[in-house]
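Asker: dropping the sequence and predicted coords here.
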Amino acid sequence: MSASATLQISTEELNPCTLMLTVSCPPEMVEEGFRKAYKSAAKRIRIPGFRPGAAPLKLVREHADPDYIRRTALDAIVKRAYGEALKEKAIEPHGGPRIELLKLEEDEPACEFRAKVPLPPKVELGDFEGLSAVRPKVEVTDEEVESHLEDLRKRRAATKEVSGRAAQEGDFAVINLKVEGEEGEGRTFMAVVGETFPQLDEQLVGMQLDDIRQAALTFPDNFQEPDWAGKPLTCHIRIKSLSALELPELSDEFAQSFAVDSVEDLKVRARAAIQTAKERAYSDYVAEQLLEQVASRSNVISPDPMWERVAEQRLEEIAADAERRGMTLAQAAEGANMTIEQLFERLKEEAKQEVHRALLISEIFKKSELKIEKDDLARHLEQLARESGMAPKEAFEALRRSGNLDELNYRVMREKVLALLIEKATIRDSEA
């Protein structure tokens, strides 16, 4: 009797595009998976007196990494069982499944798992003729130009040691905090005055270099030192060094560092840059209005794994960014006034909407018989390369290695579909 004949499979429809398979594997299939794992491990480990792959199973068991054995066996078992389950149930998936392990035992061979299986999405495209949108009027104020120039000055600012005055908001300070009663020299931190937490900022403002103050501080729950977080502590505060940004004078010489002749020329360039940025933002706003109307006239059902993977990838990116900034994912979520769970739910909602928009764009592209030309792909590759700070060839290789070459096609499709929708829509200008 074949292993597939003894698979126990139950099927549940989560939605018209997502099935949940619960699969229980026969002992023979589990044993075979572990045999393959030990055989693979035998080739990777060195056991004295034996060539790689030639040691007896008993010795391999003693030397092999149990985690490696379990992962490798599970991969072999699930791969085979999932494939046979699809065949037995005559299911044609739309992409890879999401696997949830329920049980895996070696001594009494058993394996049970759930597989969330994506089926092809269903798109009922509504009418995309006769849409309408409002485009704000593009205006650039003198205040916006001045703010832009101030940002340029800050980018070229130099850090200068402060002397002869007290600490002010915005200063960079190296501070030492020593909790009363604790041994040692205290703990040293880099801080921006006015951006720590209210009780500490209140003490720092007005302190001179090497001043020492004693104050009762209640540290925030997300403070970087876990053993101080959320606690009221009496501390000795000392500023060990103090520096501030020194902005360059807004002069013709400063303007010439940006390859223009004068401050007036720099203002002209700044105004043009702001104009371009606003035009792009307002175009995105128009596109969003049109896509919302198409979505409201259409019906889209997508397989859950299609957008769940997008949400998980976003969460991983947020966690990695938080780690680079010395924060936890929980702290990053708290900064947005959410728990991790609430943040993930928000990401899932956004990912689902994005996937549905992409499916609608693809459907409009096909229905309108639009085409992707080589020049379109080359232009978008150059744009993507600029955004990533890479050469076009490097950007292409990065997309190929990550399996995201379809992103180029989608960028072209989206551009052409939006151009078509705008051409067919009624667009009226309004105040910004």
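Answerer: Arrived safely.

Asker: please enumerate the helices of this structure.
Answerer: Along the chain, the stretches classed as helices by DSSP state H are 27-44, 57-63, 66-88, 142-155, 198-204, 252-256, 263-297, 304-324, 329-335, 340-367, 374-388, 392-402, 406-424.

Asker: comparing these by mean pLDDT, which bottoms out?
Answerer: Taking each of the helices of the chain in turn, the one with the lowest mean pLDDT is helix 57-63, at a mean of 75.

Asker: ok, and what's touching that one?
Answerer: Helix 57-63 has contacts (Cβ atoms under 8 Å, 6 or more residues apart in numbering) with 38, 41-42, 45, 47, 50, 55. C-betas here are computed from N, CA, C, even on glycine.

Asker: cool, stretch 402-409 as well?
Answerer: Judged by Cβ under 8 Å, 6+ apart, the contacts made with stretch 402-409 from elsewhere in the structure are 372, 377, 380-381, 384, 396, 399.

Asker: thinking again about what came up before, just the buried residues of the contacts of helix 57-63.
Answerer: 38, 41-42, 45, 47, 55 (16 or more other Cβ atoms under 10 Å).

Asker: how about those in JSON lines, adding distance to residue 313?
Answerer: Written out in JSON lines, the entries for these read as follows (distance: Cβ to Cβ, whole Å):
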{"residue": "38", "distance to residue 313": "34"}
{"residue": "41", "distance to residue 313": "31"}
{"residue": "42", "distance to residue 313": "36"}
{"residue": "45", "distance to residue 313": "34"}
{"residue": "47", "distance to residue 313": "40"}
{"residue": "55", "distance to residue 313": "41"}
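
Asker: in PDB, list the C-alpha atoms belonging to the longest strand that the chain contains.
Answerer: Once the chain is assigned using DSSP state E, the strand that runs over the most residues is strand 232-246. As requested, the backbone C-alpha atoms of strand 232-246 are provided in PDB (Å, rounded to 0.1, in the frame of the first residue of the first chain):
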ATOM      1  CA  PRO A 232      11.100  56.000  40.100                       C
ATOM      2  CA  LEU A 233      14.800  56.500  41.000                       C
ATOM      3  CA  THR A 234      16.700  59.300  42.700                       C
ATOM      4  CA  CYS A 235      19.700  60.100  40.400                       C
ATOM      5  CA  HIS A 236      22.800  62.300  40.300                       C
ATOM      6  CA  ILE A 237      22.900  63.900  36.800                       C
ATOM      7  CA  ARG A 238      26.100  65.200  35.300                       C
ATOM      8  CA  ILE A 239      26.800  66.600  31.800                       C
ATOM      9  CA  LYS A 240      30.200  65.300  30.700                       C
ATOM     10  CA  SER A 241      30.300  67.000  27.300                       C
ATOM     11  CA  LEU A 242      28.100  69.400  25.400                       C
ATOM     12  CA  SER A 243      28.000  70.300  21.800                       C
ATOM     13  CA  ALA A 244      25.700  72.000  19.300                       C
ATOM     14  CA  LEU A 245      25.200  72.300  15.600                       C
ATOM     15  CA  GLU A 246      26.700  75.400  14.000                       C
END
